[in-house]
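Participant: Quick one, fold the following:
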Amino acid sequence: MSLETLVEEIRRRGEADLAAVTTHRDAESAKILAETDRRLAEVHAESARATDAEVARERAQRVAAAKLQSRKVLYEAREKRLENALAETRALLTEYTHAPQYTAVLKRMVTAATDSLGRPLRISGRSEDAALLSKAAGKSFDPTPQPILGGLIAETPDGSRRLNLSFDELLRLREDRVRELLA
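Facilitator: A predicted model of the protein is given here:
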């Protein structure tokens with residue numbers, strides 16, 4: 001074998017090895033690029049899923065907060081309406097104290113207090129009702145004015161038993177029922 005043939009053979013082998021290495025490198029590069037693209041696609045998909053989940057969670061929280069706020073506003077409006085209705089009821093009760101039937105109601109309250117607590121009693125009420133109560137209660141009338149809408153307060157002389165038949169107390173005792181009726 002001649003030197004030229006040997007050099008040519010080495011060159012051919014070198015080029016073949018270089019071509020094989022280049023092909024292997026290109027194949028590895030393509031594989032790496034494909035793996036990188038696949039990972040990027042996975043990251044994008046996972047990011048999109050996480051974003052969608054976060055958006056859905058945020059939307060659900062906002063919807064729940066809005067529903068809670070609307071219930072709160074509705075409850076406050078209902079309470080305000082009921083408070084206004086109770087204030088109107090108090091005004092109607094105050095107005096009722098000027099009606100002719102009020103005298104008969106006071107007499108029935110005196111009778112109920114006497115039946116419930118017995119005699120002797122101290123019966124007191126509003127200063128505006130002093131004349132009516134003194135007629136209805138007689139000697140049991142106590143002229144000390146009470147800060148009530150109407151009606152009367154009866155108690156035994158020793159103060160051990162008391163019957164509050166004031167419109168304020170009667171309304172307070174039946175406030176739940178009145179609220180049901182007004183709601």
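Participant: Let me see the ranges of the helices in this protein.
Facilitator: Along the chain, the stretches classed as helices by DSSP state H are 3-96, 101-117, 130-137, 167-173, 175-182.
Participant: which helices and strands sit right next to the first one?
Facilitator: Judged by 3 or more C-beta pairs under 8 Å, 6 or more residues apart in numbering; DSSP states H and E, the packing partners of helix 3-96 are helix 167-173, helix 175-182. Where C-beta positions appear, they are placed from N, C-alpha and C, glycine not excepted.
Participant: redo that, cut-off 10 Å
Facilitator: Judged by 3 or more C-beta pairs under 10 Å, 6 or more residues apart in numbering; DSSP states H and E, helix 3-96 is in contact with helix 101-117, helix 167-173, helix 175-182.
Participant: domain assignment for this protein?
Facilitator: As given by automatic domain parsing, the domain ranges for the chain are 1-96, 100-182.
Participant: can you tell me which of these the model trusts least?
Facilitator: Lowest mean pLDDT within these: domain 100-182, a mean of 84.
Participant: Residue 84 versus the residue nearest to residue 81 when sequence neighbours are not counted, what's the distance?
Facilitator: Nearest residue to residue 81 in three dimensions, chain neighbours excluded: residue 182, at 7.7 Å (C-beta to C-beta, 6 or more residues apart in numbering). Using C-beta to C-beta, to the nearest Å, we find residue 182 at a distance of 9 Å from residue 84.
Participant: Which one's more surrounded, the two?
Facilitator: Neighbours per residue (other C-beta atoms under 10 Å) separate residue 182 from residue 84, with residue 182 holding more: 14 against 11.
Participant: Verify the contact between that one and residue 87 for me.
Facilitator: No: taking C-beta atoms under 10 Å as the definition, residue 182 is not a contact partner of residue 87, at 11.4 Å.
Participant: hang on, the earlier thing: let's have the helices of the chain in TSV, adding distance to residue 143.
Facilitator: As requested, the helices of the chain are exported to TSV (distance: least, C-beta to C-beta, whole Å):
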stretch	distance to residue 143
helix 3-96	21
helix 101-117	15
helix 130-137	6
helix 167-173	20
helix 175-182	30
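Participant: how about these, which one is nearest residue 151?
Facilitator: Nearest to residue 151 among the helices of the chain is helix 167-173 (4.7 Å), distances taken as C-beta to C-beta.
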